[in-house]
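J.: missing the sequence, but the structure's below:
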């Protein structure tokens, strides 16, 4: 395979000066959980979900149809630009169509979902509190955990019938680790590594196994467990999606827009049967010029690898964000490629992976419907998929489930809970399919240490609707 590369240029990203700015770049769109997914993680059903307005105590989800997504062409106006998108034919047989039932979920059914998922008793929690250590710097992550804990404590049994208490530590990672380890009431630690005070430094090293650890969005792996895809795992899944959409020998344009020190994985082994052209987005050139210079205007698929928050930062010489710069480059060059992203706002015809809280299939099984409607303030962005931060809530619910499977907080010793968290196979709220905390083979090559992720969700935005597709299996 002939791989062309344009010399990499230094990225000059804008700093995000406050927590509001930090979270405003968080990834938007949807991610579904499929409880009945087969071991190979693929399904023949392509579902079209339609997000309806939700209410606190009564709601109705109308799913209005299904679409087969294979070889469709979309010609639409997007934002202020005219963007032509031609989805190349799927190299395999299109999936069969299956009807999607319309469901009505009452407040009682939603509440019962929390009880069924966690294994908690009904009603308010009581007794001695059960603590979770929390290491998350931006306010929004902690606020969502507070909302979840309040709801569970008041209506859905806390954790094993006892109230949840969140011990939020804002000291040094060593001080936090020592404090959590010394407190027998702390059953587990939850961290968002991307959001720690030192950015991408985990508490895991100093915690040293003294308490079970769940890390959300680790950059280089975790000594605990991680139930959701990281940037690296998402990029690998995006490459597999590009392979899925193209034929052997096709040209694929891979745009590396890493501006925050992330390590973009090398996807050459995944795309070894494709002609991959890799370019680097920079602040010194417009993408239209970089793509033209790389002779990649005829690419059948474009993969935009942009880590969290990069998509919203100034990128091109005119200060344009990289997603918008890509739109203009495609239009100016007349490119009709399949576009695969994970951080950009919805564009007609584009594919989106690892896209956070899924409101495209807002059913009870995925956890999206209960979390977005019965926990006010989580995911309620009318008409659009919500930001990805409710993953922390999903992780809390998953750990509570594991604790109850052990027999409740009294029996969840650090050793037994750590072991059970590593052996947990799901389901996990807002996740795409069964977990595999001991990956082997191809999975091991495509996940970070400690990751339990095997499946990454895929959606396509067509005519203002999200179309759910079979998730990507990182073990494929």
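T.: Good, I have the coordinates. On a predicted model such as this, the values are computed, not experimentally measured, just so you know.
J.: tell me which element residue 254 is part of?
T.: Applying DSSP states H and E as the criterion places residue 254 in strand 251-256.
J.: what sits up against that strand?
T.: Here strand 251-256 makes contact (C-beta atoms under 8 Å, 6 or more residues apart in numbering) with 8, 239, 242, 246, 264, 267, 271, 274-281, 287, 291, 294, 296, 298-306, 322, 326, 337. Heads up, the C-betas are built off the backbone N, CA and C, glycines and all.
J.: Quick one: buried ones out of those residues?
T.: 239, 242, 246, 264, 267, 271, 274-281, 287, 291, 294, 296, 299-306, 322, 326, 337 (16 or more other C-beta atoms under 10 Å).
J.: Mark which of those are part of helices, please.
T.: 239, 242, 287, 291, 322, 326 (DSSP state H).
J.: Show me which pair in these is furthest apart.
T.: Taking C-beta to C-beta, the two most distant members of those are 239 and 287; they sit 19.2 Å apart.
J.: Which single one of the ones in helices among the buried ones among the contacts of strand 251-256 is nearest to residue 406?
T.: Of these, the one sitting nearest to residue 406 (C-beta to C-beta) turns out to be residue 239, at 38.0 Å.
J.: Once you drop chain neighbours, what's closest to that closest one?
T.: Here the nearest residue to residue 239 in space, its sequence neighbours aside, is residue 267; by C-beta to C-beta, 6 or more residues apart in numbering that works out to 3.7 Å.
J.: Likewise for residue 454?
T.: residue 436 (4.4 Å).
J.: Give me the pLDDT for the one you found.
T.: The per-residue pLDDT reported for residue 436 equals 94.
J.: One more: the one 5 residues further on?
T.: The predicted local distance difference test score for residue 441 is 93.
J.: tally of neighbours for it?
T.: 8 (other C-beta atoms under 10 Å).
J.: host element of the residue nearest to it when sequence neighbours are not counted?
T.: Leaving aside its sequence neighbours, residue 441 sits nearest to residue 475 (C-beta to C-beta, 6+ apart; 6.3 Å). Residue 475 is located outside every helix and strand, with elements delineated by DSSP H and E.
J.: Pretty sure residue 475 sits against residue 434.
T.: No - here residue 475 does not reach residue 434: they are 10.8 Å apart, not a contact under C-beta atoms under 8 Å.
J.: which residues in the chain form helices?
T.: Here the chain has its helices, by DSSP H, at 19-24, 107-118, 139-155, 173-182, 204-207, 231-245, 287-293, 322-333, 368-374, 391-405, 414-423, 442-446.
J.: Quick one, which of those gets closest to residue 463.
T.: Once the helices of the chain are compared by C-beta to C-beta, helix 322-333 is nearest, at 17.4 Å.
J.: From the contact counts, what lies against the closest one?
T.: Applying 3 or more C-beta pairs under 8 Å, 6 or more residues apart in numbering; DSSP states H and E, we find helix 322-333 packed against strand 81-86, helix 287-293, strand 301-305, strand 338-341.
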